[in-house]
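A.B. asks: using only what follows, build the 3D model:
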Amino acid sequence: MHAIRLLRRSFLKAVAVGLAVTAVAHLPPLSIASRIDGALYALWSRLPTAAPPGDVLLVEVASGAKLEELARLARKHGAALLVTTLPEPPSETVARYALGPTEVAIGGRRLLSTAWLDGGHLWARADDDGVVRHDWTVLDDAVPVPSLAYAAAAKLAAASGGELPPNADADPAGRRLRFYPGRPFAAASLASLAEQPERLAGAVVIAGGGTHERTPLGTMPTHELLAHALANYRQALAVDAGSFGVTLAWLAGAALLAALALARPEPLPDALLLPSAVTAGLLGWSGGSFALASLWVPIAGPTLLVLGTAAAEHFFVFRRGAEPAELVRAREAAAAGRLRESWAAYSALPPSASLLTELYALGNAFEQRGERSHAVHVFHRIAQVDPGFRDVAHRLVSADRSDGAARGPNGGREPGRDFPATLDRYQLLEPIGRGAMGCVYLGHDPRINRIVAIKAVDLAAEFEPTELAEASETFQREAETAGRLSHPSIVTIFDVGEAQGFAYIAMEYVKGRHMSDFASPGSLLPPAKTLELLGRAADALGYAHEQNVVHRDIKPANIMYDSVSDTLKITDFGIARLIGSSRTRTGIVLGTPAFMSPEQIEGKNVNGHTDLFALGVSLYQLLTGRLPFRGASMTNLMFVIANEPHEPVTAVRPDLPEWLDRIVNKALAKDPAERYQTGAEMARALREGAAALG
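C.D. replies: Below you'll find the model as predicted:
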């Protein structure tokens, strides 16, 4: 009984909040509700309707002289009627034959009379949002003046002996137009009609130019808007926007509020089901009424009332200290041994120090099951909240090593345990590995509470005293080059600096495994997945090449993949150089020998083709578990790379399709001109291959 009373009190509060939200949404200057309804009116106006009369012909003319020429052609070749929106004084010939605007609007409701004697007013009065949706059939001030569209429809009806369109304007805002979507009316230029005058026979010609109006279908010329209105009158077509549709909408809103009063709010996301169904139902009802019955049902107000009430009720019922539903699910799933389901629920909750003990236990459970990838994500969440919690930094790095040994972005072995506690503002938590230059540590940036990887180089230990200045400059240049790259598949550089005798780069901490873990015969990924992943890598390299940056050491050990989040990152652009810089011509920067291109071996000035060749070598290794080029010595290996063909992948793995040989052969062509010319081109080929393999 207490729960029922609580629910009723919360519902009354929620209704009050819903009404307040709805009222605010109707207030100017934002007028959110009317803007939503206007957007829906525009959307529904694009729904199919009856085809307009097929005899309407739009002609763009910009001057009275052009109108004279059009009038002569129309009269000579039997046009049914000529209507124009041009307010310029007509000649006697045109005035006898055509209809024009007897009055035109000049700002607001002020109408200016013209020299036209036969026709009607031209007043495309817009709603508050600047969009024209109406035609005022008759302006009845001192003397009734029909609209130009109505006058034209009446004249056509009189000429054909048909029934005059009803002279009724029940809607105080004017007759709501039912627009015809697409390009419903034929159009012609004056020049084309001079060559094909037979198009004028029996046509209702509507001429104008220069002025445009905003409509639910977008901006359109005034004479095209006139064509929509004229067609509506001829077909007795209009959108019923009277009180009937408004009443229906609010009655539906009241019925839905009653349903909410009877329904007990459930924890999210279950509580979203009813409001979502309500919104979808109201949208479908409004669109269906418009399309099938030309009835305008404005639903923004009732929908905001229902959604505001539902959201407020959920808040009032569940804000009283009850545990979030995700936390309940997370604990229940963990107790039942459903670890992945538990982590999915925990990860949906905001980071909180109160959950660290539970998350630590979950990470341990993942490790005990051998699910290291999921353990990494759990420990990373803990480290984001409190990097000093227990031994979480060590557990994070340890869980992120598939073979139990520490490895850095370049696959190096673990450095010594003796390392500084801080470097500049960064806390160094745990060594990750040794790279091509210096060591990499798990770090924490307390300024923005972010876990990072810190690549640190002890310049004095790595270089001779005479080389320190140049080494420092090289390191800074290396970091600045990599820092220019911003791509989802390239490790992000956050900061660079020097402190305590170390030069350092603070970069994104990448979770996952090196692709080299999948480069042996017993650990290969499915071919389709390999192609899809290296397609992402090719896209990233293409982006880097567009920024004039070449990696020069692409290999599986420099590509990281996290299967939990399905993210791939290229690491260590540390030996990249700017293409075209004079500094790149001072010598050869060698990558890993087995992945080097022929031109790299020959000491030529390399470019993006070198990276794509190395990616081709990586593709071969990840598909077959072996390298395409092998040699007993370094000299022999370089000779093989430069001169001898590789064994086809299908010869190593007969289960692979023969077309895969063509992709690999093009990537490993000796001549750079015969390879893929851009990363995007290679990525496209790899993605198509992945799709073909399914």
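A.B. asks: which intervals of the stretch 501-650 of the chain have sub-threshold pLDDT?
C.D. replies: By pLDDT under 70, the low-scoring segments of the stretch 501-650 of the chain are 574-591.
A.B. asks: can you give me the strands in it?
C.D. replies: For the stretch 501-650 of the chain, the strands defined by DSSP state E, counting those that start in this stretch occupy 502-508, 513-514, 549-550, 559-562, 567-570, 577-578.
A.B. asks: P48 is nearest to which of these?
C.D. replies: strand 567-570 (43.5 Å; Cβ to Cβ). Any C-beta I mention is one placed from the backbone N, CA and C, and that applies to glycine too.
A.B. asks: list the buried ones in that closest one?
C.D. replies: Using 16 or more other Cβ atoms under 10 Å as the test for burial, strand 567-570 gives L568, K569, I570.
A.B. asks: can you lay out those as JSON lines showing distance to G78?
C.D. replies: Converted to JSON lines, those look like this (distance: Cβ to Cβ, whole Å):
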{"residue": "L568", "distance to G78": "70"}
{"residue": "K569", "distance to G78": "73"}
{"residue": "I570", "distance to G78": "72"}
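A.B. asks: relative to its centre, which residue of this structure is most distant?
C.D. replies: Largest separation from the mean C-alpha position in the chain: E92, at 58.4 Å (Cα atoms, centre = their mean).
A.B. asks: okay, that residue: pLDDT?
C.D. replies: Looking at E92, its pLDDT stands at 82.
A.B. asks: A194 - how many residues pack around it?
C.D. replies: A194 sits with 11 neighbouring residues when counted by other Cβ atoms under 10 Å.
A.B. asks: hang on, the earlier thing: and R35, which of the strands of the stretch 501-650 of the chain is closest to it?
C.D. replies: Short answer: strand 567-570, nearest of those by Cβ to Cβ, at 38.4 Å.
A.B. asks: F639 touches R630, doesn't it?
C.D. replies: No. Using Cβ atoms under 8 Å, F639 makes no contact with R630, being 11.5 Å away.
A.B. asks: thinking again about what came up before, would a markdown table of the strands of the stretch 501-650 of the chain with distance to P184 be doable?
C.D. replies: Listed next are the strands of the stretch 501-650 of the chain as a markdown table, based on distance: least, Cβ to Cβ, whole Å:
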| stretch | distance to P184 |
| --- | --- |
| strand 502-508 | 54 |
| strand 513-514 | 59 |
| strand 549-550 | 52 |
| strand 559-562 | 53 |
| strand 567-570 | 48 |
| strand 577-578 | 56 |
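A.B. asks: between the ones you listed, which gets nearest to A249?
C.D. replies: Smallest distance to A249 across the strands of the stretch 501-650 of the chain (Cβ to Cβ): 45.8 Å, for strand 567-570.
A.B. asks: in stretch 227-239, what's buried?
C.D. replies: If you call a residue buried by 16+ other Cβ under 10 Å, then stretch 227-239 has these buried ones: A227, H228, A229, L230, A231, N232, Y233, R234, Q235, L237, A238, V239.
A.B. asks: export it as CSV, just CAs?
C.D. replies: Only the C-alpha atoms of stretch 227-239 are listed here, as CSV (Å, rounded to 0.1, in the frame of the first residue of the first chain):
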residue,chain,number,x,y,z
ALA,A,227,1.3,26.2,-59.0
HIS,A,228,0.9,24.1,-55.8
ALA,A,229,-1.9,26.3,-54.5
LEU,A,230,-3.7,26.4,-57.9
ALA,A,231,-3.4,22.6,-58.2
ASN,A,232,-4.9,22.3,-54.7
TYR,A,233,-7.9,24.3,-55.7
ARG,A,234,-8.5,22.4,-58.9
GLN,A,235,-8.4,19.1,-57.1
ALA,A,236,-10.3,20.3,-54.0
LEU,A,237,-7.3,19.3,-52.0
ALA,A,238,-6.3,20.9,-48.6
VAL,A,239,-4.9,19.9,-45.3
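A.B. asks: could you give the mean pLDDT of it?
C.D. replies: Taken as a whole, stretch 227-239 has an average pLDDT of 91.
A.B. asks: with stretch 370-384 instead?
C.D. replies: 90.
A.B. asks: how about that stretch: buried residues?
C.D. replies: Within stretch 370-384, the residues scored as buried using 16+ other Cβ under 10 Å are 371-383.
A.B. asks: what is the nearest of the residues you listed to A538?
C.D. replies: S373 (24.0 Å).
A.B. asks: who touches the closest one in this structure?
C.D. replies: Neighbouring residues of S373 by Cβ atoms under 8 Å, 6 or more residues apart in numbering: K511, G512, R513, D562, S563, V564.
A.B. asks: give me the contacts around stretch 684-694.
C.D. replies: Stretch 684-694 is contacted from outside by 526-529, 531-532, 534-535, 538, 619, 657, 659-660, 663, 666, 676, using Cβ under 8 Å, 6+ apart.
A.B. asks: what segments of the stretch 301-450 of the chain are helices?
C.D. replies: In the stretch 301-450 of the chain, the segments counted as helices under DSSP state H, counting those that start in this stretch are 325-335, 339-347, 356-368, 372-385, 392-399.
A.B. asks: then the stretch 1-150 of the chain?
C.D. replies: Counting by DSSP H, counting those that start in this stretch, the stretch 1-150 of the chain has helices at residues 2-26, 32-45, 64-76, 92-97, 148-160.
A.B. asks: winner for burial among the ones you listed?
C.D. replies: Highest mean neighbour count among the helices of the stretch 1-150 of the chain (mean count of other Cβ atoms under 10 Å): helix 148-160, with a mean of 20.
A.B. asks: tell me which other helices or strands the helix or strand following it touches.
C.D. replies: Next helix or strand after helix 148-160 toward the C-terminus (DSSP states H and E): strand 175-176. For strand 175-176, the packing partners by 3 or more Cβ pairs under 8 Å, 6 or more residues apart in numbering; DSSP states H and E come out as strand 134-135.
A.B. asks: ok, now which ones touch the residue most central in space within the chain?
C.D. replies: In the chain, the centroid-proximal residue (Cα atoms, centre = their mean) is P488; its distance is 14.3 Å. When contacts are counted by Cβ under 8 Å, 6+ apart, P488 touches A540, T567.
A.B. asks: isn't R425 up against R447?
C.D. replies: Yes. Assessed by Cβ under 8 Å, R425 is found in contact with R447 at 6.1 Å.
A.B. asks: who's more crowded, these two?
C.D. replies: Taking other Cβ under 10 Å, R425 and R447 do not tie; R425 has more neighbours (14 against 9).
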